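Participant: sharing a sequence plus its predicted fold:
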Amino acid sequence: MVEKVWSDDTTSQLEATIQFRRLLSDEKNPTVIKIIRADVLPRFSDFLSRHEHPQLQMEAAWVLTNIAASDYTLLVAECGAVPRLVQLLESANANIRHQAIWALGNIAADVPTCREIVLDHGAVTPLLAQFREGMKVPVLRTATWALSNLCFGKLPAEVQVKPILDIISQLIHSVDEKILGDACWALCYICDGVSDGIQHVLDAGACPQLVNLLMHASANILLPVITVLARISSGDDAQVQVLVENDILNYLAPLLARNYPKSIKKQACLIVSNISTGSKDNIQAVIDADVISPLIFLLKTSEKDIKEEAAWAISNAASGGSNDQIQYLVSRGCLEPLCNVLTYQDADLVYACLEGLQNILQAGAVGKQGQGSTVNPYAQFILECGGLDKLEDLQEVDNDAIYKLVMKLLEGYWDEEVSDDDPNLPTSNDSAETVETASEDAAQPTEPSASPNESE
């Protein structure tokens, strides 16, 4: 076979190439390493340029496609095949074009070095040219998958993103799940891999369809869709607002409440968390969409990583909420699960939770004064659910920011619980860390009042 590949006879070359391709197509026959050792890759690369023999081109491209799907992708990328495969994207033969797309997609799917080689040889423009009206579904699937692989990682500055997004913004309307999934992953990669990628995706008008796709029945589609939307939610306030205006929160409520995979629920929690870091209007939108109850349920019952994402969402809403919004959160049962977060090992999350509890306690103090009461109902409930013990345990944590905020809360709302002999207490001159203390009558707090809108 090796002798035939290196012969000058075209018929022998074709016969041997077909034999190699068949060997590689048999998954039970581990022949890749033998082919690599036979040093025939450069020969197959040469065959790609034999435009007078399209069948030989096709078979050679097929062999290289299969080898590129193995652990030896880099050898294919470095044997001189990539520029020839890119050239074959302009072949008059549709089957050859399809095989070249497949080969380039396999090469780009490997390590960044391989993908960079494909990009450096200008594969994007001729690949985009493959997307045409009347394109057969199998070819469209392969082309979308290859384009998604090229978008993974950091795209070079010379690659124009707009033409890519023009194609992808059409592909996300496909009814074919394979095409749809790969198109959504491409959007996700662009959000991360391009300067101002989030804005490019929004400018392409992809957001309304992405939000609509949250109703898709397949988790294979929901995961890339919600991952793109989570990337967008990490953008600036104006970009997050686009999500809110497209009514994303009402689509997220069912995802949080029903039995979807953990990866999808985590991304849904992340989106709510990012929206909750914004204005009080955004927090109100979260409340109006009725996502608080499922978040609190997840915070009480889910696995640790989902609990953490739900805790971020509730903590952020509690930190920035108005007194009325705080009352709603408490009426939904947020206090006890938030107090449980104080035992987590994530220092940033614990601090965010403390900020949320601080705002809740401040709202309770305002409500106490408005009702002429001596009791802060939220401080009382934190005491009763064991939250005060957890706060006191945090005095031992090796984190200055957490320690200072904990002491501020203990002094401000449970001053009688803090020993005057503690040498680590802030002094009375530390005005930045002192707050007005509650009266001694607050030692016996009452139950927090329910929201006036809550029915029994």
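Facilitator: Looks like it came in fine.

Participant: so for the helix ranked longest in the chain, mean pLDDT?
Facilitator: Assignment by DSSP state H gives helix 347-370 as the longest helix of the chain. The pLDDT scores in helix 347-370 average 91.

Participant: helices and strands around the next helix or strand after it, which ones?
Facilitator: Using DSSP states H and E, the next helix or strand after helix 347-370 towards the C-terminus is helix 377-384. Packed against helix 377-384 by the contact rule (3 or more CB pairs under 8 Å, 6 or more residues apart in numbering; DSSP states H and E) you find helix 335-341, helix 347-370, helix 387-393. Any C-beta I mention is one placed from the backbone N, CA and C, and that applies to glycine too.

Participant: rerun at 7 Å
Facilitator: With contacts taken as 3 or more CB pairs under 7 Å, 6 or more residues apart in numbering; DSSP states H and E, helix 377-384 sits against helix 335-341, helix 347-370.

Participant: for that helix, give the mean pLDDT please.
Facilitator: Across helix 377-384, the average pLDDT comes to 94.

Participant: try stretch 207-223
Facilitator: Averaging pLDDT along stretch 207-223 yields 96.

Participant: for stretch 191-203, same thing?
Facilitator: The model assigns stretch 191-203 a mean pLDDT of 94.

Participant: again with stretch 6-25
Facilitator: The average pLDDT within stretch 6-25 is 90.

Participant: report the buried residues of that stretch.
Facilitator: 13-18, 20-21, 23-24 (16 or more other CB atoms under 10 Å).

Participant: so what's residue 455 scoring on pLDDT?
Facilitator: pLDDT at residue 455 comes out at 38.

Participant: with residue 341 instead?
Facilitator: pLDDT, residue 341: 95.

Participant: in the protein, where is pLDDT below threshold?
Facilitator: Along the chain, the model assigns pLDDT under 70 to residues 26-30, 369-372, 416-456.

Participant: can you map out the strands along it?
Facilitator: Shown for the chain, no strands are assigned by DSSP state E.

Participant: returning to what we had before: only alpha carbons, please: show the longest helix of the chain as PDB.
Facilitator: Coordinates of the C-alpha atoms in helix 347-370 are reproduced here as PDB (Å, rounded to 0.1, in the frame of the first residue of the first chain):
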ATOM      1  CA  ALA A 347     -15.200  33.900  51.200                       C
ATOM      2  CA  ASP A 348     -16.600  36.100  48.500                       C
ATOM      3  CA  LEU A 349     -20.000  34.500  48.700                       C
ATOM      4  CA  VAL A 350     -20.000  34.700  52.500                       C
ATOM      5  CA  TYR A 351     -19.300  38.400  52.300                       C
ATOM      6  CA  ALA A 352     -22.000  39.000  49.700                       C
ATOM      7  CA  CYS A 353     -24.400  37.100  52.000                       C
ATOM      8  CA  LEU A 354     -23.400  39.300  55.000                       C
ATOM      9  CA  GLU A 355     -24.100  42.400  52.900                       C
ATOM     10  CA  GLY A 356     -27.500  41.000  52.100                       C
ATOM     11  CA  LEU A 357     -28.200  40.300  55.800                       C
ATOM     12  CA  GLN A 358     -27.000  43.800  56.600                       C
ATOM     13  CA  ASN A 359     -29.500  45.300  54.300                       C
ATOM     14  CA  ILE A 360     -32.200  43.100  55.600                       C
ATOM     15  CA  LEU A 361     -31.400  44.100  59.200                       C
ATOM     16  CA  GLN A 362     -31.400  47.700  58.200                       C
ATOM     17  CA  ALA A 363     -34.900  47.300  56.700                       C
ATOM     18  CA  GLY A 364     -36.000  45.600  59.900                       C
ATOM     19  CA  ALA A 365     -34.700  48.500  61.900                       C
ATOM     20  CA  VAL A 366     -36.700  51.000  59.800                       C
ATOM     21  CA  GLY A 367     -39.800  48.900  60.100                       C
ATOM     22  CA  LYS A 368     -39.400  48.700  63.800                       C
ATOM     23  CA  GLN A 369     -39.200  52.400  64.100                       C
ATOM     24  CA  GLY A 370     -42.200  52.900  61.800                       C
END
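
Participant: next, the angle helix 377-384 makes with it.
Facilitator: 130 degrees (axes from the mean of the first three to the mean of the last three CA atoms, to 10 degrees).

Participant: identify each buried residue in helix 347-370, please.
Facilitator: Neighbour-count burial for helix 347-370 [16+ other CB under 10 Å]: 349-365, 367-368.

Participant: hmm, back to that, need the buried residues of stretch 6-25 in JSON lines with distance to residue 80, can you?
Facilitator: Listed next are the buried residues of stretch 6-25 as JSON lines, based on distance: CB to CB, whole Å:
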{"residue": "13", "distance to residue 80": "17"}
{"residue": "14", "distance to residue 80": "20"}
{"residue": "15", "distance to residue 80": "23"}
{"residue": "16", "distance to residue 80": "19"}
{"residue": "17", "distance to residue 80": "16"}
{"residue": "18", "distance to residue 80": "22"}
{"residue": "20", "distance to residue 80": "18"}
{"residue": "21", "distance to residue 80": "19"}
{"residue": "23", "distance to residue 80": "22"}
{"residue": "24", "distance to residue 80": "19"}
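
Participant: these in helices, which ones?
Facilitator: Using DSSP H, the buried residues of stretch 6-25 in helices are 13-18, 20-21, 23-24.

Participant: ok, so of the residues you listed, who is nearest residue 132?
Facilitator: Nearest to residue 132, judged by CB to CB, of those is residue 21 at 27.8 Å.

Participant: I'd like to know how far the closest one sits from residue 15.
Facilitator: Residue 21 sits at a distance of 11 Å from residue 15 (criterion: CB to CB, to the nearest Å).

Participant: over to residue 136?
Facilitator: Between residue 136 and residue 15 the computed distance is 29 Å (CB to CB).
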